[in-house]
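Undergrad: Predicted model, plus sequence, below.
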Amino acid sequence: MTTRYSRFLAAFFCLFLGGLLAWHVLLPDRDRSGVENRTLAQFPKFSWENLKDGSFTKGVEDYFADQFPLRDQWTGLKARTEQLLGKREFNRVYLCGDTLIAKVEPPRDGLEEKNLSYVSRLAERTEVPVYLGLIPSAAEIWRDRLPKGAESWDQAAFIARAAELEGAESIDFLTALSGRAGEDIFYRTDHHWTTLGAYYGYAALMEALGRGEEVPEPEAVKAWDLPVSNGFQGTLYSQSGIHWLEPDSIEFWVKESGLTVTSWRDGTPKEARLYEYDYLGEKDKYSAFLGGNQPLCVIRNPEGTGKLLVIRDSYADSLAPFLAQHFEEVHLLDPRYYRYAASGYAAENGIDAIAVVYSVPNFIADRNLVLLTQ
Amino acid sequence: MVFSSLTFLFGYLPLTLALYFITPLRRRNFVLLLASLFFYGWGEPVYVGIMFLSIFIDYTHGLLVEKFRDRDRLARWFVGQSVVFNLLLLGFFKYWDFLAANLSLLPGVSLPELGLPLPLGISFFTFQTMSYTIDVYRRDAPVQRNPVDFGAYVTLFPQLIAGPIVKYKTVAAELARRTVTSQDFAGGACRFTAGLAKKVLLANAAGALWESCLSSQSAGTLTAAGGWTGLLAFGFQIYFDFSGYSDMAIGLGRILGFRFGENFDHPYLSLSVGEFWRRWHMSLTSWFREYLYFPLGGSRKGKARTLRNLLIVWLCTGFWHGASWNFILWGLYFGLWLILERFAFRDLLTRTPVWVKRAYTLAVVFVGWGIFAMEDLGVCGRYLAVCFGGGPLWSALDGYRLRSWAVILALLALGSTTLAVDLWEKLPERGRRVLAPVLMVLGLVLSTAYLVDGSYNPFLYFRF
């Protein structure tokens, strides 16, 4: 190597490292990342205590990684490289043609059985009939689309086990969705079911409650034909780093008129809506359904009959608008945020039926369901 | 801090290099000492104290050995003190819990397990500093009177936490005076980038494959094909991880003006287990040879003593790798093969065709990785039983894994040979000049992308 050439190489190396450092320093810090749907780490406060227990340096590392320039582009580049190398799995998400499907890992610590037993205990504690509906995720319904030989935990077997559960009637989402596997019942870039998928789920739930004949045909429910957004890039888009797929569409089906929606986000009741249009302008468009995660939400319909309590995860956000057409009151309670006894809530509010409605991946990993036994 | 982290690459490294090169030559060891202490204290700030203690003890003992050189018994006494101190340090932090747990199994014995985090690189720097006092005593190295220079040697961040084990005598001259030419800097930068790419792009990919096979074992769906895929993957992971780290250390050393010895020489091309250990983690093998095997008498005192010495050395080598029974077993496993090669296979091996020798060596080494990788001997036994036919042979999942990792496995296999180096040397000068910066950008950019994605970045040799 000549001196001039080695100077060039050395400068090149320094420029890359130093250049990105300078960029990092000059780039204003962001509060949150839309793509990742989370708040980003900020520079930690220094104290001798923090330094001693290692939390300061850990904080600096988190800050450095979270505020790194072009974060989303680097992730995208990695996904592209992996694809070139022949990988079909990207951060636990399978790329199946034009669809992303989240891999379901086996549950840990026997949590799935524990959670089933908590549902049983809830049924023992209350006079109200309890229904359990486990929603299989795309990895089960679209198993034939997964890469050949690829693993995903057997949700069907678990749902079959849950159907035998003592004390709770089962809602058969598996059959309802399997029969419609050819339709767009899950988003291609998000882990949730689409409005169409939620409609089939709603039909199955009504069937289980013995009110199946009330469910109208899809055409009769659909108040609008056009999607409200064609630019939905969901959680799997973010998790996988695969940014080159066509975005999803979001549809709102039912009419809101005549309904009152009350949301308890911070302990006080606030008026809310079935569809929060503001979210359609953001990355996290699924939150347009009921405005996203919240401890408790009540939808009242003076023309409906019966009071239903749904203990649920986010799949119920797009399910609730359908249910609201039939029930006088639909109470949606999310045990991740709502910390009081469900049986007590049911008694106080004159509930006629309790439905535990969870997607399987959430049900087998959720550590809050123990609250059902209170 | 580890080299393959964003904080190191885009924070610590450019700032340290800038500070180092604007400092006048005679103050550079001081900068190096401070920067290295900062590097060391990053993960466990409290443990910087261990560094100071280690510097103090070995520095003073070096001086004491030198001072009482004429009174051999006293000099030996001080060498002994320093060795005992280093071994106690290592023993306390690395082996206490293991010893306590096992001794407590004896009736009437109850020792508490402390669960202290292992100080970074303690296995490496205690071995380095031990070599210093011994070498001073043996007159292999001059005594170091400057505490800053000595401190810079003990804490030198490039090889502090994962080797190579740099003996004092090999860098004594460079500690006092060194120059960095632009060729050194450029060569070091290339070497560092190559090591980074080996670690981040190849070793981590192999590691994900190994994890996948291991999870099949715990789910009870492991097949023979999956078992061997896993062993292969782990063997590649540990080689690319560790040799990549050594490359980064050697490259950084060169940038700072030090020339460390090589640590790996394409070990998977070896034709015998003995040769494998002359090409794998060379700095450790040579350390044990020089400071344990030879002092025990080596192979010059008859068959029985040689046998004993080999077993002792390999027991220690195994145990050095971790405080757990599987590492002891792993060391003895290699000791056994080396004894067999020395006393039973010697003639047989000379008559065997090359490809058989290669296959034999790889089989021994990769089965050994199984023992190394699984600390729970029950899991390890069941895993290896499946590999040798105690379960199904093939499943659809194996096909999926092999299809997904085919390109990477091919890269790993080719990367274990001398192919890349040979091709590089065949290129005309102009081709190399064009390709070098392209490869450097590719290595840096892709490694950065994988680090930012950061889904999978455990460091195997981080906690040694």
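TA: Arrived safely.

Undergrad: and the residue lying farthest from the centre of chain B, what are its phi and psi?
TA: Farthest-out residue of chain B from its mean C-alpha position, per CA atoms, centre = their mean: B:G108, at 38.4 Å. When read as degrees, to the nearest 10, the backbone of B:G108 gives phi 80, psi 0.

Undergrad: now do A:F90
TA: phi -130, psi 110.

Undergrad: OK, contacts around the nearest residue to it once chain neighbours are set aside?
TA: In space, and not counting its chain neighbours, A:F90 is closest to A:S240: 3.9 Å by CB to CB, 6 or more residues apart in numbering or on different chains. No exception for glycine: its C-beta is placed from N, CA and C like everyone else's. For A:S240, the contact set (CB atoms under 8 Å, 6 or more residues apart in numbering or on different chains) comprises A:79, A:90-91, A:93, A:95, A:100.

Undergrad: Next step: those restricted to helices.
TA: Among those, the members falling in helices are A:A79 (criterion: DSSP state H).

Undergrad: quick one: secondary structure of the residue nearest to A:E276 when sequence neighbours are not counted?
TA: Nearest-residue entry for A:E276: A:G291, 4.2 Å, with adjacent residues in sequence omitted and distances by CB to CB, 6+ apart. The three-state label for A:G291, taken from DSSP: H, G, I helix; E, B strand; the rest coil, comes out as coil.

Undergrad: and B:A176, how many neighbours?
TA: Number of residues near B:A176 (other CB atoms under 10 Å in any protein chain shown) recorded here: 12.

Undergrad: Surely B:Y132 and B:D58 touch.
TA: Yes. Using CB atoms under 8 Å, B:Y132 is in contact with B:D58, at 5.8 Å.

Undergrad: Pick out the residue in chain B sitting closest to chain A.
TA: B:Y400 (3.2 Å; CB to the nearest CB).

Undergrad: burial measure for that residue, as a count.
TA: 19.

Undergrad: what packs against the strand or helix carrying it?
TA: Take DSSP states H and E as the rule and B:Y400 turns out to sit in helix B:396-415. Counting contacts by 3 or more CB pairs under 8 Å, 6 or more residues apart in numbering or on different chains; DSSP states H and E, helix B:396-415 packs against helix B:204-219, helix B:224-256.

Undergrad: got the angle for it vs helix B:224-256?
TA: Orientation note: helix B:396-415 sits at an angle of 30 degrees relative to helix B:224-256 (axes from the mean of the first three to the mean of the last three CA atoms, to 10 degrees).

Undergrad: What residues sit buried inside helix B:396-415?
TA: B:397-398, B:400-401, B:403-405, B:408-409, B:411-412, B:415 (16 or more other CB atoms under 10 Å in any protein chain shown).

Undergrad: With stretch B:324-344 instead?
TA: Of the residues in stretch B:324-344, those buried (16+ other CB under 10 Å) are B:324-335, B:337-339, B:341.

Undergrad: can you list the weak-confidence ranges in the stretch 101-250 of chain B?
TA: For the stretch 101-250 of chain B, no stretch has pLDDT under 70.

Undergrad: can you map out the strands along the stretch 201-350 of chain A?
TA: With strands called from DSSP state E, counting those that start in this stretch, the stretch 201-350 of chain A shows them at A:229-232, A:248-250, A:260-264, A:269-272, A:296-300, A:307-312, A:329-333.

Undergrad: Give me the contacts around the shortest one.
TA: Read that as strand A:248-250. Residues contacting strand A:248-250 (CB under 8 Å, 6+ apart): A:187-190, A:194-195, A:227-230, A:232-234, A:280, A:285-286, A:288.

Undergrad: Which residues of the stretch 201-350 of chain A lie near chain B?
TA: A:G241 (CB under 8 Å from any CB of the partner chain).

Undergrad: Which residue would be the closest one in the stretch 201-350 of chain A to chain B?
TA: Counting by CB to the nearest CB, the stretch 201-350 of chain A gets nearest to chain B through A:G241 (6.3 Å).

Undergrad: check contacts around the residue in chain A that chain B sits nearest to.
TA: When scored by CB to the nearest CB, chain A has A:G149 as its residue closest to chain B, at 3.2 Å. Neighbour list for A:G149: B:395-401, B:403 [criterion: CB under 8 Å, 6+ apart].

Undergrad: swap in A:Y118?
TA: Taking CB under 8 Å, 6+ apart as the test, what A:Y118 contacts is A:369-370, A:372-373.

Undergrad: Same question for B:L175.
TA: B:29, B:144, B:149, B:152-153.

Undergrad: can you give me the offset of the one helix or strand it maps to from its chain's centre?
TA: Here B:L175 sits within helix B:168-176, counting by DSSP H and E. A distance of 21 Å separates the centroid of the chain from that of helix B:168-176, by CA atoms, centre = their mean, to the nearest Å.

Undergrad: So what does the residue of the stretch 201-350 of chain A closest to chain B have for phi and psi?
TA: phi 80, psi 0.

Undergrad: How many neighbouring residues does it have?
TA: So A:G241, with other CB under 10 Å, has 26 neighbours.

Undergrad: Much appreciated, bye for now.
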